[in-house]
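K.L.:
below: sequence and its predicted model.
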Amino acid sequence: MESTSTPRISSPLVDSYVGQNVMVIGKVQQLRGDTAVIEAEGQITANLNRDAHLVNGNAAQIIGKVLPDLSIKVLSSLDLGNGVDFKVAQAVVDATHQYRDLFVFDAAKGGMMG
C-alpha cells in the first residue's frame with residue numbers, strides 16, 4: 001500500500017488539490033439530498049456518501065477527493081457537534097501549509113518532503 005498524506009485545506013485551497021484526497025473541517029450550512037454546503041473560509045460543495053450523517057449548523061470533518069468542478073466526493077465524514085473553534089481549525093490549515101515539509105508525506109521521495 002502506498003502512503004500518502006491527506007492535507008487539511010479550506011475553500012481558498014481547493015483548486016490546488018484537484019484529483020487529490022483532502023481533509024476539511026467546516027460548518028454545515030446546507031444539506032440537500034446527497035450534497036452538503038460546508039463553510040470553511042468560503043463555501044465547499046460536498047458530495048456525500050450513504051454513510052454521511054451530518055447535521056445542519058454543526059461542524060463536520062470530511063475527507064474526500066477534490067473533483068474537477070471543485071466539489072469534494074466524500075469518502076468519510078464525521079459530525080463534530082457545535083463546539084468547534086473554526087479559528088483554531090483554520091490556524092491548523094495555515095500551519096500545515098506554511099510548514100508543509102513537516103506535514104506532507106511524499107511517497108515518491110520515500111518520506112516527508114523537504
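P.N.:
All right, it came through fine. Numbers count the residues shown, from 1 in each chain.
K.L.:
look through the chain and tell me its longest strand.
P.N.:
Criterion DSSP state E: the longest strand present in the chain is strand 21-32.
K.L.:
give the buried residues for it.
P.N.:
Across strand 21-32, burial judged by 16 or more other C-beta atoms under 10 Å covers 21-28, 31. C-beta: built from backbone N, CA, C; applies to glycine.
K.L.:
again with stretch 49-61
P.N.:
Buried, per 16+ other C-beta under 10 Å, within stretch 49-61: 52, 54, 59-61.
K.L.:
how far is that stretch from where the chain is centred?
P.N.:
13 Å (C-alpha atoms, centre = their mean, to the nearest Å).
K.L.:
contact partners of it?
P.N.:
Contacting residues not belonging to stretch 49-61 are listed as 23-31, 36, 38, 48, 74-84, 86, 89 [C-beta atoms under 8 Å, 6 or more residues apart in numbering].
K.L.:
identify the bridge partners of the spatially most central residue of the chain.
P.N.:
The centroid of the chain falls nearest to residue 24 when counting by C-alpha atoms, centre = their mean (2.1 Å). For residue 24, the beta-bridge partners under DSSP bridges are residue 62.
K.L.:
who's residue 72 bridged to?
P.N.:
Going by DSSP bridges, residue 72 is paired in beta bridges with residue 46, residue 66.
K.L.:
got the angle for the longest helix seen in the chain vs strand 21-32?
P.N.:
Criterion DSSP state H: the longest helix present in the chain is helix 86-98. Computed by axes from the mean of the first three to the mean of the last three C-alpha atoms, to 10 degrees, the angle separating helix 86-98 from strand 21-32 equals 150 degrees.
K.L.:
pick out the most distant pair among the buried residues of stretch 49-61.
P.N.:
Spatial extent of the buried residues of stretch 49-61 (C-beta to C-beta) is set by the pair 52 and 59 at 14.0 Å.
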